[in-house]
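Trainee: curious how this folds, go ahead:
(one chain, ligands or ions: 1)
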Amino acid sequence: MREKRKPAEERTLKTLERVLSKAGLASRTIARGWIGAGRVAVNRRTVRDPDHWVDPHRDRITLDGKALRSAAKTYILLYKPKGYLTTRKDPEGRPTVYDLTSGAGMWLSPVGRLDLDTSGLLLMTNDTDFAERIANPQHKAPKTYQLKAATLLSDEQIAQLRRGIELTDGPTRPAEVNRLRDRGKHTFLEMTITEGRNRQVRRMIDAVGSKVLKLVRVAIGPIRIGDLQIGKWRHLTNAELRVLMGPRDNAP
Ligand code: URA
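Mentor: This is a model prediction of the structure:
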């Protein structure tokens, strides 16, 4: 569908849907549902078009008759277990990360995603700017994984991972790779990558001729999962947030 043109002289305008999601109240999809259901009014008139332009500073926007207020910005760190989807709903009824975070008391969206079979650190927030910044590959937020490979890996295979691997969607950036141990027929590695491509770690290990048997994300930047129990979440500390947000002036 073609996007409606925004009048050039009205640069501060935003779509109604965006104003609701920016306020941290709902995902854009949910916001569209609320608007379509007639729950949102602009200057006392119900508006059912999510792409309706509004001036958030001048227009009086209400949800269920109450003035729109931004939700407090919330940032949590979840220890996602294997077997949980990083989506809101699953047509097959499998468990999702939302089953574990309802206690956070508000709508939160995952920052990036972890595969169904991957466990570990997942950030969730209602701050859409923060989420976009951390998930954006340009930001190069380092993500650290520990994995168990199906085979023993040679120094040459590890060197290939470090240099970067040619995948079907292009070469990966160089990775930091440390051999944690070899046990029986398996090598255990810690790998830090600065991209977040679909199934990237699994595809990199496939490309050097092995397979991932177990994958856990243990850190994003300096934020580590620590001793948080699997399936539990905690709020990020202010110090952790400051580090993740980084120097805004240098943002690309
Ligand atoms: N790489 C993967 O292969 N899977 C994940 O879930 C995350 C990174």
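Trainee: what does this protein have sitting close to the ligand?
Mentor: 114-115, 118, 199-202, 215 (CB under 6 Å from any ligand atom). Glycine gets a C-beta too; all of them are placed from N, C-alpha and C.
Trainee: again, only using 5 Å
Mentor: Within reach of the ligand by CB under 5 Å from any ligand atom, the chain has these residues: 114-115, 118, 199-202.
Trainee: from those, which land in helices?
Mentor: Within these, residues falling in helices by DSSP state H are 200-202.
Trainee: closest to residue 190 among those?
Mentor: Nearest to residue 190 among those, counting by CB to CB, is residue 201 at 11.0 Å.
Trainee: distance of the closest residue in space to the closest one that isn't next to it in sequence from residue 60?
Mentor: Counting by CB to CB, 6 or more residues apart in numbering, residue 201 lies nearest to residue 145, which is 5.3 Å off, once chain neighbours are set aside. As defined by CB to CB, to the nearest Å, residue 145 lies at a distance of 48 Å from residue 60.
Trainee: could you list the low-pLDDT ranges of the stretch 151-252 of the chain?
Mentor: Residues of the stretch 151-252 of the chain meeting the criterion pLDDT under 70: 247-252.
Trainee: which one among the residues of the chain next to the ligand gets closest to residue 131?
Mentor: Among the residues of the chain next to the ligand, and counting by CB to CB, the member closest to residue 131 is residue 114, at 14.6 Å.
Trainee: quick check: phi and psi on the closest one?
Mentor: Phi and psi for residue 114, reported as degrees, to the nearest 10, are phi -120, psi 140.
Trainee: that one and residue 143 touch, don't they?
Mentor: No: using CB atoms under 8 Å, residue 114 is not in contact with residue 143; the gap is 9.8 Å.
Trainee: need the strands for the stretch 151-252 of the chain, in chain order.
Mentor: Counting by DSSP state E, counting those that start in this stretch, the stretch 151-252 of the chain has these strands, from start to end: 166-167, 170-171, 176-183, 186-193, 212-220, 223-224, 233-235.
Trainee: using CSV, please lay out those strands together with mean neighbour count and distance to residue 137.
Mentor: Converted to CSV, the strands of the stretch 151-252 of the chain look like this (neighbours: other CB atoms under 10 Å; distance: least, CB to CB, whole Å):
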stretch, mean neighbour count, distance to residue 137
strand 166-167, 13, 14
strand 170-171, 10, 11
strand 176-183, 12, 17
strand 186-193, 19, 10
strand 212-220, 19, 14
strand 223-224, 17, 18
strand 233-235, 15, 25
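Trainee: rewinding a little: between residue 145 and residue 60, which one's more packed in?
Mentor: Comparing residue 145 with residue 60 by other CB atoms under 10 Å, the one with more neighbours is residue 145, at 23 against 11.
Trainee: so that one belongs to a strand, correct?
Mentor: Yes: assessed with DSSP: H, G, I helix; E, B strand; the rest coil, residue 145 lies in a strand.
Trainee: got the contact list for it?
Mentor: Shown in contact with residue 145 (CB atoms under 8 Å, 6 or more residues apart in numbering): 120, 190-193, 201, 215-218.
Trainee: pLDDT value on it, please?
Mentor: As predicted, residue 145 sits at a pLDDT of 98.
Trainee: just to revisit the earlier point, nearest to the ligand among the contacts of residue 145?
Mentor: residue 201 (3.5 Å; CB to the nearest ligand atom).
Trainee: the closest one: neighbour count?
Mentor: When counting by other CB under 10 Å, one arrives at 22 neighbours for residue 201.
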